[in-house]
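Chemist: structure for the following, please:
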Amino acid sequence: MKIITQRLLPGLAIVVLVAGCRGVQTAGEKDARRDLAAVTQTYRPASQQRSLPVLSAETSLSNFLAYALLNSPNVEVAYDDWAASVERITVDRSMPDPKLTFQAYIQNDLTSLMPGLMQDLPGPGKLNAAAEVATAESRSKYFAFESAVLQAAFDFKSAYYNLYFLDEQLRVSRRTLEVLTDLSSIAKTQNEVGKGTLQDIYRAQIERDQLAAAIANLEHSRHSLMAQYKGTLGLTHDQSDPPVPAVFESTKKIPDEDELLAMAFARNPKLKAAEAEVRQAQTSIVQARKSRVPDFTAGLQAEVYEPPFYWPQASMTLPVWRDKIGAQIAAAQAGRREAAAKLTSEQISLAVDFAMRAHDYDESTRNLSLFENQLIPKARQSFELARSGYLSGQVDFSNLMDAERAWLNFQFQIVEERKRREISLAALSLLIAGVPPPGAPVLVASPAISSSNPLRQP
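Modeler: Purely as a prediction, here's the structure:
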């Protein structure tokens with residue numbers, strides 16, 4: 001037993017040392033971990049959710065955006081997915097675990113006892129290739145996280161604009177309802193003095209009642225829009241409704257179209273994710289070709305009862321199944337072609353989306369200028385003239401109602417055009433150009449070229 005103890009203890013010590021070893025990080029793994037640490041410091045410091053801003057009607061829109069980004073479950077899912085992909089780099093580049101072995105010969109007694117240690121050795125370049133594939137995947141996952149951040153910001157802005165401009169529609173409708181109530185009273189007065197017909201009264205009342213019903217429908221639709229707005233802040237149905245910013249904040253003016261399109265192709269996260277997938281597919285081909293390289297196993301066993309007597313062991317895989325190797329390479333090449341096609345598709349989609357959003361922005365801007373500077377002032381003047389003419393008996397009630405209806409429609413249209421313009425601006429800056437809002441937990445530079453201070457500052 002003393003001899004067994006003397007021989008086993010050094011072997012167990014070696015095993016303990018091996019169990020405490022750490023692998024050598026690749027350059028890509030170091031970059032990925034630095035980027036993850038930088039984002040984590042802002043998004044999940046000390047593995048805890050960052051303190052959320054206190055929301056009130058006086059809170060700025062930027063604080064509402066920060067709340068939406070930090071509290072979004074979709075952003076958290078994308079972050080955890082990215083964090084897990086960074087950890088997989090370490091797993092894929094690491095050596096297999098060593099194996100502690102025992103061999104014994106027993107007849108009537110224990111005649112031989114041989115403890116040993118075995119280690120699988122992947123073929124040259126295989127671990128580096130696996131690490132490159134995992135690194136490229138983690139870059140793609142990061143850009144998916146950045147896309148989730150930008151989408152959460154856009155969803156909040158869209159919900160906020162829908163809710164704000166619904167209130168604007170209600171304001172216009174209620175003001176117009178007062179006008180229609182006044183017209184109904186005028187028609188009644190005119191009828192009493194013999195200058196108007198009973199039909200004028202009914203027409204005014206019909207217009208008033210229809211508008212009152214439309215106001216009721218708008219008020220009811222506010223519940224669904226509030227639910228959407230509440231959801232973009234990451235609040236559940238059992239939580240109280242959040243406040244809405246009292247002061248409207250428009251999206252800042254964007255650069256000219258050529259500059260914006262160049263910016264979009266340079267930093268759009270969906271495009272960057274597609275590029276990372278192409279890189280991942282290319283490294284997968286290298287990894288597939290490494291399947292031609294054999295793997296090795298080396299080990300050593302020591303005889304306890306008859307020292308010093310050692311049994312070295314070694315083995316090597318034989319990659320003889322050429323059709324299997326060829327299929328792995330062919331599959332990787334097909335994956336590269338698929339990734340390249342996806343990248344081209346994303347580039348085309350980006351150009352199309354940009355053209356459509358830019359058209360919406362330009363058209364709504366022109367329409368706003370037309371309504372504000374020409375149509376609404378003229379429509380209001382036309383209504384005032386028709387109202388005076390009706391009171392003097394020079395204009396019939398039909399013309400008065402047509403003038404009122406045109407003025408109302410123009411006011412509704414200007415509200416719709418303002419909403420359309422704001423949503424187009426938000427889409428161009430967030431979803432197309434990929435410009436994150438101030439304080440967003442994203443990297444300033446690509447993961448491959450991140451700087452020592454990679455976070456965008458508020």
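Chemist: for the rest of this, base every contact and every neighbour count on C-alpha atoms.
Modeler: Fine.
Chemist: count of neighbours near residue 225?
Modeler: 18 (other CA atoms under 10 Å).
Chemist: any idea how far it is from residue 239?
Modeler: 16 Å (CA to CA, to the nearest Å).
Chemist: secondary structure class for the residue nearest to residue 315 when sequence neighbours are not counted?
Modeler: Leaving out its chain neighbours, the residue that sits closest to residue 315 by CA to CA, 6 or more residues apart in numbering is residue 297, at 5.0 Å. Classification of residue 297 using DSSP: H, G, I helix; E, B strand; the rest coil returns strand.
Chemist: residue 297 reaches residue 117, doesn't it?
Modeler: No - contact criterion CA atoms under 8 Å: residue 297 and residue 117 do not qualify, at 10.6 Å.
Chemist: of those two, who's got more company?
Modeler: residue 117 (20 against 15).
Chemist: and the more buried one, its phi and psi?
Modeler: Here is the backbone geometry of residue 117 (degrees, to the nearest 10): phi -130, psi 130.
Chemist: what's opposite it in the beta bridge?
Modeler: Beta-bridge pairing of residue 117 under DSSP bridges involves residue 100, residue 300.
Chemist: show me what contacts it?
Modeler: With contact set as CA atoms under 8 Å, 6 or more residues apart in numbering, residue 117 has these partners: 15, 98-101, 299-301.
Chemist: ok, these vs residue 432, which is closest?
Modeler: residue 98 (49.7 Å; CA to CA).
Chemist: what about residue 391, how many residues nearby?
Modeler: 18.
Chemist: count the residues that sit near residue 236.
Modeler: 12.
Chemist: so who does it touch?
Modeler: residue 230.
Chemist: list the contacts of whichever helix or strand residue 91 is part of.
Modeler: Assessed by DSSP states H and E, residue 91 sits inside helix 73-93. Helix 73-93 has contacts (CA under 8 Å, 6+ apart) with 25, 29, 32-33, 36, 69, 127-128, 130-131, 134-135, 137-138, 141-142, 144-145, 148-149, 152, 234.
Chemist: I'd like the mean pLDDT over it, please.
Modeler: Helix 73-93 carries an average pLDDT of 95.
Chemist: which positions in that helix come out as buried?
Modeler: 73-76, 78-79, 81-83, 85-93 (16 or more other CA atoms under 10 Å).
Chemist: so where's the stretch 151-300 of the chain shaky on pLDDT?
Modeler: Applying pLDDT under 70 to the stretch 151-300 of the chain flags the ranges 253.
Chemist: show me the helices in it, by range?
Modeler: 198-232, 257-267, 269-289 (DSSP state H, counting those that start in this stretch).
Chemist: ok, now the stretch 1-150 of the chain?
Modeler: 2-19, 27-43, 61-71, 73-93, 126-192.
Chemist: distance to residue 188 and neighbour count added to the contacts of residue 117, as CSV?
Modeler: CSV is the format used below for the contacts of residue 117 (distance: CA to CA, whole Å; neighbours: other CA atoms under 10 Å):
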residue, distance to residue 188, neighbour count
15, 102, 16
98, 98, 17
99, 100, 13
100, 102, 16
101, 105, 13
299, 107, 18
300, 110, 17
301, 111, 21
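Chemist: looking at the residues you listed, which one is closest to residue 178?
Modeler: With CA to CA as the yardstick, the closest approach to residue 178 among the contacts of residue 117 comes from residue 98, at 84.4 Å.
Chemist: now that closest one: closest residue in space that isn't a chain neighbour?
Modeler: Residue 98 sits nearest to residue 119 (CA to CA, 6+ apart), 4.6 Å away.
Chemist: the one you found against residue 295, yeah?
Modeler: No - counting by CA under 8 Å, residue 119 stays clear of residue 295, with 11.0 Å between them.
Chemist: okay, and the common contacts of those two?
Modeler: Joint contacts of residue 119 and residue 295 (CA under 8 Å, 6+ apart) do not exist.
Chemist: rewinding a little: name the nearest of the contacts of residue 117 relative to residue 407.
Modeler: residue 98 (82.3 Å).
Chemist: residue contacts, that closest one?
Modeler: 18, 117-120.
Chemist: ok, residue 356 next?
Modeler: Contacts of residue 356 by CA under 8 Å, 6+ apart: none found.
Chemist: which element is it on?
Modeler: Counting by DSSP H and E, residue 356 is part of helix 322-370.
Chemist: for the helix or strand following that helix, name the packing helices and strands.
Modeler: Next along the chain after helix 322-370, taking DSSP H and E as the criterion, comes helix 376-391. Applying 3 or more CA pairs under 8 Å, 6 or more residues apart in numbering; DSSP states H and E, one finds that helix 376-391 makes contact with helix 397-426.
Chemist: what angle sits between the helix it packs on and helix 376-391?
Modeler: 160 degrees (axes from the mean of the first three to the mean of the last three CA atoms, to 10 degrees).
Chemist: quick check: buried residues in helix 397-426?
Modeler: So helix 397-426, judged by 16+ other CA under 10 Å, has buried residues 397, 399-401, 403-408, 410-412, 414-426.
Chemist: and that helix, what does it pack against?
Modeler: helix 126-192, helix 322-370, helix 376-391.
Chemist: can you say which of the ones you listed is packed in most?
Modeler: helix 126-192 (a mean of 21; mean count of other CA atoms under 10 Å).
Chemist: helix 269-289 and that one, what's the angle between them?
Modeler: Going by the same axes, to 10 degrees, helix 126-192 makes 160 degrees with helix 269-289.
Chemist: what inclination does helix 126-192 have with respect to helix 257-267?
Modeler: 140 degrees.
Chemist: correct me, but residue 66 touches residue 439?
Modeler: Yes - between residue 66 and residue 439 there is a contact under CA under 8 Å: 7.1 Å.
Chemist: more neighbours, these two?
Modeler: More neighbours surround residue 66 than the other of residue 66 and residue 439, with 20 against 17 (other CA under 10 Å).
Chemist: show me the contacts for that one.
Modeler: 52-53, 439-440.
Chemist: over to residue 237?
Modeler: So residue 237 contacts residue 227 (CA under 8 Å, 6+ apart).
Chemist: now the phi/psi pair for it, please.
Modeler: Taking degrees, to the nearest 10 as the convention, residue 237 sits at phi -60, psi -30.
Chemist: how about stretch 233-251: buried residues?
Modeler: 233-235, 242, 244-245.
Chemist: pull that stretch out as PDB, backbone CA atoms only.
Modeler: Below are the C-alpha coordinates for stretch 233-251, written out as PDB (Å, rounded to 0.1, in the frame of the first residue of the first chain):
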ATOM      1  CA  LEU A 233     -41.300  50.100 -22.900                       C
ATOM      2  CA  GLY A 234     -41.100  46.400 -21.800                       C
ATOM      3  CA  LEU A 235     -44.100  46.800 -19.500                       C
ATOM      4  CA  THR A 236     -46.500  43.900 -18.900                       C
ATOM      5  CA  HIS A 237     -50.300  44.200 -19.000                       C
ATOM      6  CA  ASP A 238     -50.600  44.100 -15.100                       C
ATOM      7  CA  GLN A 239     -48.300  47.200 -14.800                       C
ATOM      8  CA  SER A 240     -49.800  50.700 -14.800                       C
ATOM      9  CA  ASP A 241     -49.800  52.700 -18.000                       C
ATOM     10  CA  PRO A 242     -46.700  54.800 -18.500                       C
ATOM     11  CA  PRO A 243     -46.800  58.600 -18.900                       C
ATOM     12  CA  VAL A 244     -46.400  60.100 -22.400                       C
ATOM     13  CA  PRO A 245     -43.900  63.000 -22.900                       C
ATOM     14  CA  ALA A 246     -45.700  66.300 -22.700                       C
ATOM     15  CA  VAL A 247     -43.300  68.100 -25.100                       C
ATOM     16  CA  PHE A 248     -43.100  66.700 -28.600                       C
ATOM     17  CA  GLU A 249     -39.500  66.100 -29.800                       C
ATOM     18  CA  SER A 250     -39.000  65.600 -33.500                       C
ATOM     19  CA  THR A 251     -36.200  63.500 -35.100                       C
END
